[in-house]
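Asks: Predicted model, plus sequence, below.
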Amino acid sequence: MPQKNANMSNNKLNVDLIDSFEKIPVKIFNDSKTGSSYVAREIANLIKDKQSKKQHCVLGLATGSTPITLYAELVRLHKEEGLSFKNVITFNLDEYYPLQKKALQSYWSFMHRHLFSHVDIDPKNIYLPNGELPKEEIKKECVAYENKIEDLGGIDLQILGIGNNGHIGFNEPGSSIFSKTRLVSLDNSTRIANAYEFQNISQVPRMAITMGISTILKAKRILLMAWGMKAPIVAKSVEGHVTEQIPASILQQHNDCTFVIDENAATELTRIKSPWLTGECVWTPKMIKRAVVNTALKLNKPVLSLTTHDYNENGLGDLLVEKGEAYEINLQVYYLLRDSITGWPGGKPNAIIPAHPERSEPHPKRCLIFSPHPDDDIISMGGTFMRLHDQGHEVHVAYQTSGNIAVTDEFVTRFLDFAVGFEEQFGIDNHKSKTILTTSRNYLATKKINEVDTDEIRSIKGLIRRCEAKATCRYVGLKEENCHFMNLPFYETGTVEKNPMSEKDIHLTIDLLHQLQPHQIFCAGDLADPHGTHKVCLDIVFESLKRIKQSGAAWIKDCWVWLYKGAWQEWDIADIEMAIPMSPDQVMKKRFGIFIHQSQKDMVPFQGTDSREFWQRAEDRNANTANLYAGLGLTKYAAMEAFVRWYY
Ligand code: F6R
């Protein structure tokens, strides 16, 4: 096993790593796409190098959401740059057990869907653990898997993802450093995290066959990729102690392992989160705010109560040297926090407030809220949405996707039943709706696990969500013509896995933007959600704005973009640039607006590890933001919605 302390690998690295607290080399890229291109390039170079020496190239491969962009790039290199996979042999890390390889969710299917079916690899060179074997044959199969890897000279390059609990392959916390390929029982958190592939947790297999940690460590080179929301576990694995409780931390023992991560997955690394502790810090106002806010929160003190002693004790001595008195710095940060709070999200008319987050002119503004799903507007910025409307702005909402996969089958029959009954009640010919009801009922009764719904059923599910969104807009007071249902095509796969954004998505968005010419845009800024719908929706808006700007359209110069957090978490308190307070009554009004989305109530689809309903998550999050502001010494509100400005 090639083990040695990464800190010892060479002097340059030694200094860099100690400086930055990191015990594994980490490469940080802007986004998952550029990170994946880097990894794909390294794989391609290795394959070509082996080809020139007439050797096989043995790759260890991973599945999951992380490597999808990597495989797309490898397919591109094959199709556009002629990269051949003829000399490549692959071993996959793992496979669910028991599961038929032809099942949509098997890793065998995943690998063929994303890579093998699109390149010239010899099918004989593809190895995956076999999830179809009877249990008594598994042990033998696992030994054979290990032997096969060794017979072929070992893995030249192993690709890894990382689970939120630190697992690599399916080596869950507690796995031994000496473990080999074997049958394992999946951690409940892993089953919940992977439930999105199955739609329903009870369908996720309870076991898997996985390469062991020692199998992984034997690879000559390891590249672990992590995007988006993996920041906490990345930091623990790279900066923490080596422990079997965090299997990825054991990679510190490998002498040629690199973590390739995007900016979001890097946010918990000390060099990014608290760069002042690594001695590498440029004291911009933003950085000062972050350092002071973090210190105040850590010490549970209002910002204005921080002392010179607190600064020195918490690694902020340099800041004092550069910027002077603690109290002066406290005040500077306090004003930044204070000025981010406003009850006027569209700007305060007839007032000149230089530090206000929004312009007062023009008033009223044309505001466009992009809502990835038909309920993100009300869940994530319902209070702000209502204020904008109540303060006289012309508010539009663009529902980017139909959201149809999150509607249960029961809703379809319930609404079709209504349609048939309605027509009967009012003497309307209900022959057609009866036929649709019968065919849908029959289809749904025999639908197999994860069978993709028919177009008809998907369109009914979309209609149900559209009616809920319209009802919410009516509740807020919007005119019907201000609701725009975009039905972006990237979403319409009928499965959880979505297509990447297409030209059609961008053109639909550009057309709407030109039509409305908004002064303000609000988007779900889930930058840390690399493969989810929210991120694709955001990318589409960004790309559209970029193109409009390049085209020289005059209106875009006066258009500001605000990002709200659409999914589960909130912005880091230090990054918030506009915080909209809510009274207890407004909190209740927002709650009832969320309740309108009945198809999403009682059983949150794809809820992950969080069992709270959407309204509960929204209220907890908004109350938490208000409490944090109060803890920092600002006025205590019941709740707050938060925004960050995006400059393009
Ligand atoms: C997949 C595997 C797992 C995943 C990990 C991260 O073959 O072995 O360790 O890499 O669960 O999954 P994603 O990439 O979906 O976040």
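Replies: Cool, got the structure. All of these numbers come straight from a predicted model, not from anything done at the bench.

Asks: Which single residue of this structure ends up nearest the ligand?
Replies: Residue of the chain nearest the ligand, by C-beta to the nearest ligand atom: residue 161 (2.4 Å). Backbone N, C-alpha and C define where each C-beta goes, glycine included.

Asks: Phi first, then psi, for residue 300.
Replies: phi 60, psi 40 (degrees, to the nearest 10).

Asks: these two touch, right, it and residue 630?
Replies: No. Checked against C-beta atoms under 8 Å, the pair residue 300 and residue 630 is beyond contact range at 12.0 Å.

Asks: quick one on the thing from earlier: burial count for the residue of the chain closest to the ligand?
Replies: When counting by other C-beta atoms under 10 Å, one arrives at 21 neighbours for residue 161.

Asks: Can you give me the distance of it to residue 375?
Replies: 30 Å (C-beta to C-beta, to the nearest Å).

Asks: Looking at residue 300 and residue 630 now, which is surrounded by more residues?
Replies: residue 630 (14 against 7).

Asks: which SS class is the more buried one?
Replies: Following DSSP: H, G, I helix; E, B strand; the rest coil, the label given to residue 630 is helix.

Asks: The closest residue to it other than its chain neighbours: neighbouring residues, count only.
Replies: Counting by C-beta to C-beta, 6 or more residues apart in numbering, residue 630 lies nearest to residue 636, which is 3.7 Å off, once chain neighbours are set aside. The burial count assigned to residue 636 is 10, neighbours taken as other C-beta under 10 Å.

Asks: Show the contacting residues for residue 636.
Replies: Residues in contact with residue 636 (C-beta atoms under 8 Å, 6 or more residues apart in numbering) are 626, 627, 629, 630.

Asks: can you pull the contacts of the second one?
Replies: The reference is to residue 627. Residues near residue 627 by C-beta under 8 Å, 6+ apart: residue 636.

Asks: Helix or strand: which one has it?
Replies: Assessed by DSSP states H and E, residue 627 sits inside helix 614-631.

Asks: Now that helix: buried residues?
Replies: 614-615, 617-619, 621-623, 625-626, 628-629, 631 (16 or more other C-beta atoms under 10 Å).

Asks: In a markdown table: those, plus distance to residue 218 and pLDDT.
Replies: Converted to a markdown table, those look like this (distance: C-beta to C-beta, whole Å; pLDDT from 0 to 100):
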| residue | distance to residue 218 | pLDDT |
| --- | --- | --- |
| 614 | 46 | 85 |
| 615 | 50 | 90 |
| 617 | 43 | 88 |
| 618 | 47 | 92 |
| 619 | 50 | 94 |
| 621 | 44 | 94 |
| 622 | 49 | 96 |
| 623 | 50 | 97 |
| 625 | 47 | 97 |
| 626 | 52 | 98 |
| 628 | 46 | 98 |
| 629 | 51 | 98 |
| 631 | 49 | 98 |
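
Asks: Can you check what angle separates the longest strand along the chain from helix 614-631?
Replies: The longest strand of the chain (DSSP state E) is strand 639-646. If you take axes from the mean of the first three to the mean of the last three C-alpha atoms, to 10 degrees, strand 639-646 sits at 80 degrees to helix 614-631.

Asks: What residues of strand 639-646 count as buried?
Replies: For strand 639-646, using 16+ other C-beta under 10 Å, the buried residues are 639, 640, 641, 642, 643, 644, 646.

Asks: Out of the residues you listed, name the two that are farthest from one another.
Replies: 639 and 646 (23.4 Å; C-beta to C-beta).

Asks: any idea how far residue 85 is from the nearest residue to residue 78 once chain neighbours are set aside?
Replies: Using C-beta to C-beta, 6+ apart and skipping residues adjacent in sequence, the residue nearest residue 78 is residue 119, 4.5 Å away. Going from residue 119 to residue 85 by C-beta to C-beta gives 5 Å.

Asks: intersection of neighbour lists for those two?
Replies: Common neighbours of residue 119 and residue 85 (C-beta under 8 Å, 6+ apart) are residue 78.

Asks: higher neighbour count, these two?
Replies: residue 85 (22 against 17).

Asks: For the closest residue in space to that one that isn't next to it in sequence, give me its contacts.
Replies: Spatial nearest neighbour of residue 85, excluding adjacent residues (C-beta to C-beta, 6+ apart): residue 121 at 4.0 Å. Residues in contact with residue 121 (C-beta under 8 Å, 6+ apart) are 85, 86, 88, 90, 115.

Asks: same question, residue 226
Replies: Contacts of residue 226 by C-beta under 8 Å, 6+ apart are 66, 161, 162, 233, 234, 259, 260, 261, 262, 265.

Asks: Where helices are concerned, which of those residues count?
Replies: Counted as lying in helices by DSSP state H, out of the contacts of residue 226, are 233, 234.

Asks: would you turn the contacts of residue 226 into CSV with pLDDT?
Replies: Shown next, in CSV, are those (pLDDT from 0 to 100):
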residue, pLDDT
66, 93
161, 98
162, 97
233, 97
234, 98
259, 98
260, 98
261, 97
262, 94
265, 94
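
Asks: can you pick the most crowded of the contacts of residue 226?
Replies: Top of those by neighbour count (other C-beta under 10 Å): residue 265, with 30 neighbours.

Asks: Isn't that residue up against residue 231?
Replies: Yes. Using C-beta under 8 Å, residue 265 makes contact with residue 231 at a distance of 5.2 Å.

Asks: As a check, name the ranges of all strands in the stretch 51-200 of the chain.
Replies: 57-61, 88-92, 94-97, 126-127, 157-160, 182-185 (DSSP state E, counting those that start in this stretch).

Asks: Just put those strands in a markdown table and tack on mean pLDDT and mean neighbour count.
Replies: As requested, the strands of the stretch 51-200 of the chain are exported to a markdown table (pLDDT from 0 to 100; neighbours: other C-beta atoms under 10 Å):
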| stretch | mean pLDDT | mean neighbour count |
| --- | --- | --- |
| strand 57-61 | 98 | 24 |
| strand 88-92 | 98 | 23 |
| strand 94-97 | 98 | 24 |
| strand 126-127 | 98 | 18 |
| strand 157-160 | 98 | 25 |
| strand 182-185 | 97 | 18 |
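
Asks: Which residues are in contact with residue 563?
Replies: Per C-beta under 8 Å, 6+ apart, neighbours of residue 563: 522, 523, 524, 525, 538, 643, 644, 645, 646.

Asks: Local confidence estimate at the last one?
Replies: To tie it back to what came earlier, the one meant is residue 646. Residue 646 is assigned a pLDDT of 96 by the prediction.

Asks: go on, the third one?
Replies: We have a pLDDT of 95 for residue 524.

Asks: my guess is it meets residue 380, correct?
Replies: Yes. The criterion here is C-beta under 8 Å, and residue 524 meets it with residue 380 at 6.6 Å.

Asks: which residues are in contact with both of the two?
Replies: Residues touching both residue 524 and residue 380 (C-beta under 8 Å, 6+ apart): 564, 565, 566.

Asks: show me what contacts the second one?
Replies: By that I understand residue 565. 380, 524, 525, 526, 571, 642.

Asks: Repeat the analysis, applying 6 Å as the threshold.
Replies: Neighbouring residues of residue 565 by C-beta atoms under 6 Å, 6 or more residues apart in numbering: residue 571.

Asks: do the first one as well
Replies: With contacts defined as C-beta under 6 Å, 6+ apart, the neighbours of residue 564 are 380, 381, 522, 643.

Asks: Confirm that residue 561 sits in a strand.
Replies: Yes. Secondary structure of residue 561, determined by three-state DSSP: located in a strand.

Asks: What distance do you get for the residue nearest to residue 85 to residue 61?
Replies: Applying C-beta to C-beta to residue 121 and residue 61 gives a distance of 11 Å.

Asks: what does the protein put close to the ligand?
Replies: Contact residues (C-beta under 6 Å from any ligand atom) of the chain with the ligand: 62-66, 93-94, 161-163, 167-170.

Asks: circling back to that earlier point, separation between the residue nearest to residue 78 and residue 463?
Replies: 40 Å.

Asks: same thing with residue 268?
Replies: Counting by C-beta to C-beta, the separation of residue 268 from residue 463 is 42 Å.
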